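>>> need a structure here:
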Amino acid sequence: MPHPIMYRDDDPGLTELRSIALGFPEAFEKISHGRPVFCAPKMFAIFGGNSKATGAMVAYPHALLVKVDESERRALEQDSRFFYPMYLGPFGWLGLDFAAAQVDWDEVAELVDASFRLTAPARLVRLLDGA
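The predicted structure follows:
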């Protein structure tokens, strides 16, 4: 049985996230577990997620999930806009809740860029850097 679709195309932040994520070399969007996922070919950004850090599941329907560098993790975890996503958190991912504050799209672009660099093949990172 497939997962139900857990977003709408007019969800706050999705259009902006698509514009950012699909600008990376060979990036494409697919639906996985009912959510938009951006890949090149591995996933580097996801729209929406859940957390179970407090014991109860909390949904973040308008959020960005990205892989973060370990050197940045501690600082980001101190920011109340970020959350530890279910399933992906143990693999180096964090979520940014778009509903927690005014979204800084430059910051989102930087987070997506960093996640892309951590997950994409070296060939695509070279393309991104114009090499």
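>>> what about the strands in this protein?
28-32, 35-39, 43-51, 58-67, 82-83, 93-97 (DSSP state E).
>>> partners of the second one in the sheet?
This points to strand 35-39. strand 28-32 (antiparallel), strand 43-51 (antiparallel) (DSSP bridges).
>>> can you map out the helices along the chain?
In the chain, helices defined by DSSP state H lie at 14-21, 70-77, 105-119, 122-128, listed in chain order.
>>> Now render the ones you listed as a markdown table, adding distance to residue 47 and mean neighbour count.
C-betas here are computed from N, CA, C, even on glycine. Listed next are the helices of the chain as a markdown table, based on distance: least, C-beta to C-beta, whole Å; neighbours: other C-beta atoms under 10 Å:
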| stretch | distance to residue 47 | mean neighbour count |
| --- | --- | --- |
| helix 14-21 | 6 | 18 |
| helix 70-77 | 18 | 11 |
| helix 105-119 | 11 | 18 |
| helix 122-128 | 21 | 14 |
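>>> Many thanks, have a good one.
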